[in-house]
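> Sequence first, then the predicted structure, then my questions.
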Amino acid sequence: MSTRDRLLIVEEALRDQEGHWFEYNRATKAAVGKVGKTKVEMLGNITMVDSVAHELGAKPHFRFTVWDQIYNHPQAWKRYLGILQHNRRLYQDLSSHFANAEYCDTVFAPTVVLHHFLGYYKFTKKFGGKKFRQLVLLVRNNIAIYDSDGNRTFRSTAKFWKWAIQRFQPMINSGLVRFVTDSERLADEYEELTGIRFQALPHPSLIGIYAPSDGAKVSGDVAQPKGVRLFLPGPARYEKGADRLVEAAKLLDKRDDLPPIEIVLQWSSAFSLPDGSELGPSDLSKLGLEKVTFDIIEKPLDSDSYHKQLLRADLIVLPYRREAYFARISGVAVEAMMLGKPILYTSNTWVGTIAERFGCGIAMENNTMGVRDAIVLAAGQLHAICSDSQSAKLKVSEFFSANSFASILIGNRQQTT
């Protein structure tokens, strides 16, 4: 294998199996490995647990991660100082590795925010072309705020993002640096701000990597429950509309024309509502519902358990607030559609665009009544929408295939020898 057939993933927050970082990088490694002979290596946080290091072949390295909230000071000047401080720390950690590292084709940074741009810029100035062919920076944070209609207003910090990203223009022109994102809507947002068009990188999913004959490795055998089983995947939060689903459940419980409904939620702790109150899993037993029940999962799910929950569900309900998810992707929506599961989704969002492209579910309005109405409609048409979603799953899997992901990530230097 040539030293050019190497991909290095640099992820300062990779330390254990919880959260986005483990699953995304695990899926990235599997996707790239499926379509070629590129060797995938990783640098993670210095506190990485042994099991993750072993499974991913990752090396503990980065001393700090911005997601530990170490720069969240009440004074603005200290927060801005923290941005500069973290960029310097990132550059130092990258330099210490690359000073003696072999040449690799691609360096991939899957989670990039304002605390990283200057560090990566200086790193590329020093090592670009000498130690790697290209640096791929994945940016997925909204720089804009959206209202309930999807109208965009840039945040006050957008001017810093614009300046930092535009500094890379000569490196982009030469091919040393590529900016990618995971949503065409986010690409629109960044282009409006910076004048630079980011390429959309499909979401990698382990579900899409297994062949149909290998389905048992992902799902296992699961028994189907009675009634209609709804699943809201991912930690229950306000922006994901968990409170709307609870309010909708109260309305559904008053109806006599519906089958029994079970709502599955991943919910370990309370979250705050706009009025200052909190809503948590312990509040559900106080509702006194009879026809609607809740199945609360309080501990993080491993991949196998999570996939089994997706398979057991009749409907995947995603009552995301448009203000938060107008441009953001939903990995769970992609995975559900790959499994042929119908989803209930907020209209005029990224999820809605993808679901409507493949005909995988029912749209709902951006409010509690919309959630209720979509559940009622889906319960009455369950067989038909399940059939439509099953028919579409192969097309969804092709769109989000490992080959599509790897070819965009690595570009025209993908090696298969």
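Looks like it arrived, so ask away. None of the values given here were measured: they were computed from a predicted structure. Numbers count the residues shown, from 1 in each chain.
> Please make it C-alpha for all contacts and neighbour counts, starting now.
Fine.
> Run through the residues that contact Asn25.
Residues in contact with Asn25 (Cα atoms under 8 Å, 6 or more residues apart in numbering) are Ile9.
> quick check, distance from the helix or strand containing it to the centre of its chain.
Under the criterion of DSSP states H and E, Asn25 resides in helix 20-35. Centroid separation for helix 20-35 versus its chain: 12 Å, with Cα atoms, centre = their mean, to the nearest Å.
> Report the rounded mean pLDDT for it.
Across helix 20-35, pLDDT averages out at 90.
> what lines up beside whichever helix or strand comes after that helix in the sheet?
Remark: after helix 20-35, the chain's next helix or strand is strand 39-45, criterion DSSP H and E. Next to strand 39-45 in the sheet, as set by DSSP bridges, lie strand 6-10 (parallel), strand 58-62 (parallel).
> can I get these in CSV with mean neighbour count, distance to Gly175 and mean pLDDT?
Output for the strands paired with strand 39-45, formatted as CSV (neighbours: other Cα atoms under 10 Å; distance: least, Cα to Cα, whole Å; pLDDT from 0 to 100):
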stretch, mean neighbour count, distance to Gly175, mean pLDDT
strand 6-10, 22, 16, 96
strand 58-62, 21, 26, 98
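> And those: which comes nearest Val32?
strand 6-10 (8.9 Å; Cα to Cα).
> and Thr181, how many neighbours does it have?
Applying other Cα atoms under 10 Å, we find 25 other residues in the vicinity of Thr181.
> mind listing what it touches?
By Cα under 8 Å, 6+ apart, the contact list for Thr181 reads 138-140, 187, 198-201.
> Which of those residues fall within strands?
Under the assignment DSSP state E, the contacts of Thr181 contribute 138, 199-200 to strands.
> which of these lies closest to Phe64?
Leu138 (19.0 Å).
> Tell me what that closest one is bridged to.
Bridge pairing for Leu138 (DSSP bridges) gives the partners Val180.
> Isn't it up against Val177?
No. Counting by Cα atoms under 8 Å, Leu138 stays clear of Val177, with 10.9 Å between them.
> Beyond the lowest-mean-pLDDT helix or strand in the chain, next helix or strand please.
The weakest-scoring helix or strand in the chain, judged by mean pLDDT, DSSP states H and E, is helix 215-218 (a mean of 40). Using DSSP H and E, the helix or strand that follows helix 215-218 towards the C-terminus is strand 228-235.
> With just CA atoms, put that next one into CSV.
The C-alpha trace of strand 228-235 is given here as CSV (Å, rounded to 0.1, in the frame of the first residue of the first chain):
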residue,chain,number,x,y,z
VAL,A,228,-48.7,1.7,17.0
ARG,A,229,-45.2,2.2,18.3
LEU,A,230,-43.6,5.6,17.7
PHE,A,231,-39.9,6.3,18.3
LEU,A,232,-38.2,9.7,18.6
PRO,A,233,-34.5,8.8,18.4
GLY,A,234,-31.7,10.7,20.0
PRO,A,235,-31.6,12.5,23.4
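> Now do it: everything it contacts.
242, 259-268, 309-310, 312-318, 332, 379.
> Could you dump the strands paired with strand 39-45 into JSON lines and include distance to Gln169?
Formatted as JSON lines, the strands paired with strand 39-45 follow (distance: least, Cα to Cα, whole Å):
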{"stretch": "strand 6-10", "distance to Gln169": "22"}
{"stretch": "strand 58-62", "distance to Gln169": "27"}
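> which one of those strands lies closest to Ser397?
strand 6-10 (23.7 Å).
> angle of that closest one against helix 20-35?
Counting by axes from the mean of the first three to the mean of the last three Cα atoms, to 10 degrees, strand 6-10 lies at 170 degrees to helix 20-35.
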